[in-house]
Structure formats: C-alpha cells, structure tokens
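**Q** Based on what follows, work out the 3D shape:
(chains A and B)
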Amino acid sequence: MHDARALLGVIAFFPQGVDENNLDWLFPTIPNGIDIIDKFCILSLTYRNNGFITMLAPLRDYLSPKDPKSPSLLCTTRERYFTRMSVNIDPDKPNLGETRWIKSEDVNVEHLLDIFTTIDPNSNNVWNACTYFMQHLYWHKNRLVILKPKIEGLPDDYRFKSDCLLELSQLYDSIGNQAERKRLLTYALKLYRGREDDQVPVAQILKDLSDTNRQMDFPKEGTQQAEESLKRCERFGDTMGQADCLIKLG
Amino acid sequence: MYSGKRLGTAEEAASRVIGLLPEKGEQYRVCESHRLLGHIYRSTGETEKAIHHNKVALRIASSFDWHDDLVWVHYNLAGLFLDEGRFDDAQAHIDHVKSHAVNGAFYLGRAMWLQAMVWHEQHRLEEAMSEALRAVEILEKLGATEAVECREFLSTTHTKAIERPGYF
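**A** Residues are numbered from 1 along each chain as shown, chains lettered A, B, ... in the order given. Have a look, this model is predicted:
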C-alpha cells in the first residue's frame, strides 16, 4: 500500500509520467512495479501513453508530492536520474548511444531540475546534474532550457555558475544564436578568469569565442582570442588544443 | 572566410591535425578537420577536393552516428553540388538534412533556406520565396545569426521575381 501511494506520487510528479521500460531501473526497491501499474490502469488512476505511464492533470495536481524533498521514492528516482546523467559525453567513446535516452525523457529531467534548483538552490549535486543535462541535450536534442534565469541568478563566485553558463552557450550554438552564445561565453570567461585553478576552461572558452566571433563576422576579435588560446594551449602542452587554435587562426 | 596567407595556415593546420591524430580514439577531431578542409577548398573553388573531404567526414560521422555532424556534412555537400549546378545531387543531400531535422528547428530552417537557393537557381522563384520566407520565420524565432542573410536572400529573390516579365 505504501509502495503504491509512493509510486503514484512519482508518476504524478513527472510531466511525462514514467517510462514503462524503466520501472525496474527507476524503482529498484519496488520489485512488482508493473503489477501495481496494471492495477492503477484498471482503476483509471493512470493510463499508458507512448510507452509512458501517466495520469490526467487533475489527478496529477492532487497526487503530486507537496514537498518533493521529503518523499523518499522521489528522492531515489532523482538520484537514479542524476547518476545516469553523470557521464562526460565523448563522441569517440562507444557509449555515446547509451546517453540518447535523454531524447525521450528530457522533459522529465528538466522538470526535476527546475523543481530541485528552486527548493534546493545551494545543492552542488543538483547544479552538477544541470551541467550534465545540458551536455546531453547538446549532443542529442538541440533546444534551449528553462533553467537559464536561475543559472544567471546564481552568485558569480559559485563554481557551477560558470560551468552551467558554458554548457548553456553550447545550446545557443546548437540553435544558431551566436549573439547569445557570445554573451554567455563572455560572462563565463569573466568568471573563469577570476579563478586560478581553471585555466584550461579559459583556453576552451577563448576558442569558442573565436569561433562565434568568426560566425558573427568579427574576424579581428576572433583572431585575437584564438591567438590567446593558442598561447595557453602551448603553455599546458595541449597539442590538440593548439591544432584547434591554428585552425581558428586560419 | 578564408583568404590569402590565412587560408594556407588553415589548410596546413587542418592537414596537420589529421596527421597528428592517432588512428583510433580521436575520430571526432579527424572528422571535424575533414569538414574544415571541405570548407577551405570550397572557398578556393577546389570543388572536387572539397567534396572528397566532406565524403570522408560523412563516412566517419555515419559510422559513429554523429547526428549533428551528419547534418552539417550533408548540408555542405548540398551547397557544393548547388555551386556546381548539380541540382539533383544537391536535392538528395537537402533531403538528408531535412530527414535529420526532426530534432532541431535550426537544421530545418537552414535546410529550407538551401532548398530555396536550389529553386532560385532553377528559376522557380515563387517556390523559392515561399520556402525562404518559412526559413526566415524559423531562423528569426531562434535568434539565429543567419536570419539576416536569409532575409536578404528573400528580398533579392522577390526583386528578381517582380522584375520578371508577366509577374503582374
């Protein structure tokens, strides 16, 4: 009975409901999840829609957890999503395909992050998940996120602000909005320059800025940034970074 | 974009990247470098070389199923065939871009613009205007940098259309 109520709360929480194929993975503590879901469907509490178990809006409003931080099953689900996202996507690694799940569950993850960045705004865990989420979107689904105002509202000295700005700039690149990409990169550069331990991102941002300036037809600015990035890559002995800069200088 | 001494530097750099990289594990950079060489040779009018490098990039991107790269390589190849007046080949690559555009309005907008250019070259000006207008709407909504150029293209096509005998 307790499992059933908790499960209803989680289904209500997510805008898309839960993916039927993910029940075992999302709810490892509920071994008979599918039986419970079948009963929910018989009772018309839930219904199946494109592989997701979801429910009608009035029921969602009623059953959705009033304090998402407290129900343990929702917190378990949150951690399952966060862990699943915590991979640095490398196109050369064979596991790129395994990160494509975000294409069908992006709305759920975004909602999860939107809620938890509101109720738990100082959580490194949540903001770290935001950076991974945007990285996943960049590779698999070209769209913007609703998290932008919250990211920009973070204190400048908060580490994850610069990381999130960087990922956000990539999303703007993926939709061709170079003006906003440039603004975000410039902001991120200012933040990273103030930190002594993150000079490698500075070289990367300068390369990206060089790229965006070239696309916006500001070649002089772009060249200066590529030259500065090149010097930094030489200092770190980053051969591939140097090659990228030489290309930007072309 | 590339000119004079800078062009030589870019070409050399991209070639060096391909030479420097190990055969395995850095295929993404290799693919990017081939794409870049494709751009460079297109800007110097060396079309065959440009097509060759884009096709190498296409092969690599296909084997890894890199969605974005596939879109851009098809886009570049469509542009190259358009330059050459090979409209059927250009159309085939535009269709590929459109088929990949389900996940991104930006790709769709760019594909429509390219489609409009093909129709413009084929003197199908009304169709070109209609497609370019839809492309402008998409690109402007996204705030895409290319929207300005696309609107200019639309304006030029419109002028050309109304100057054509029998338009009114």
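**Q** helices and strands around the helix or strand containing A:Ala129, which ones?
**A** Using DSSP states H and E, A:Ala129 sits in helix A:124-140. On a contact count with 3 or more C-beta pairs under 8 Å, 6 or more residues apart in numbering or on different chains; DSSP states H and E, helix A:124-140 meets helix A:72-85, helix A:102-119, helix A:159-174, helix B:67-83. All C-beta spots, glycine's among them, are computed from the backbone N, C-alpha and C.
**Q** other SSEs contacting the third one?
**A** Using 3+ C-beta pairs under 8 Å, 6+ apart as the contact criterion, the neighbours of helix A:159-174 among helices and strands are helix A:124-140, helix A:148-152, helix A:178-193, helix A:199-215.
**Q** any chance of these in TSV, with distance to A:Met55 too?
**A** Formatted as TSV, the helices and strands packed on helix A:159-174 follow (distance: least, C-beta to C-beta, whole Å):
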stretch	distance to A:Met55
helix A:124-140	24
helix A:148-152	27
helix A:178-193	37
helix A:199-215	43
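**Q** on that earlier part again, in the helix holding A:Ala129, which residues are buried?
**A** Buried residues in helix A:124-140, defined by neighbour count with 16 or more other C-beta atoms under 10 Å in any protein chain shown: A:126-140.
**Q** and the angle for that helix with helix A:159-174?
**A** With axes from the mean of the first three to the mean of the last three C-alpha atoms, to 10 degrees applied, the angle from helix A:124-140 to helix A:159-174 works out at 10 degrees.
**Q** Distance from the chain centre to helix A:124-140, please.
**A** 2 Å (C-alpha atoms, centre = their mean, to the nearest Å).
**Q** any weak-confidence spans in chain B?
**A** Residues of chain B meeting the criterion pLDDT under 70: B:1-10, B:13, B:17, B:20-24, B:167-168.
**Q** For A:Thr46, see how far away A:Phe14 is.
**A** 12 Å (C-beta to C-beta, to the nearest Å).
**Q** Near chain B, which residues of chain A are found?
**A** A:91-92, A:96-97, A:103, A:139-143, A:174-180, A:214-216, A:239-240, A:243-244, A:246-247, A:249-250 (C-beta under 8 Å from any C-beta of the partner chain).
**Q** orientation of the helix holding A:Ala129 relative to helix A:72-85 in degrees?
**A** Using the same axes, to 10 degrees: helix A:124-140 against helix A:72-85 is 50 degrees.
**Q** what's helix A:124-140 in contact with?
**A** Residues from elsewhere that reach helix A:124-140 (C-beta atoms under 8 Å, 6 or more residues apart in numbering or on different chains): A:81-82, A:85-89, A:91, A:96, A:99-100, A:102-103, A:106, A:109-110, A:113, A:116-117, A:120, A:143, A:145, A:147, A:151, A:154, A:158-160, A:163-164, A:167-168, A:170-171, A:174, B:67-68, B:103.
**Q** Looking at the buried residues of helix A:124-140, spot the one nearest B:Leu58.
**A** Using C-beta to C-beta, A:Trp139 is the member of the buried residues of helix A:124-140 that lies nearest B:Leu58, at 18.7 Å.
**Q** What score does the closest one have for pLDDT?
**A** We have a pLDDT of 92 for A:Trp139.
**Q** Same check on the one 3 residues further on?
**A** For A:Asn142, the model assigns a pLDDT of 88.
**Q** Same question for it, what's its three-state structure.
**A** coil (DSSP: H, G, I helix; E, B strand; the rest coil).
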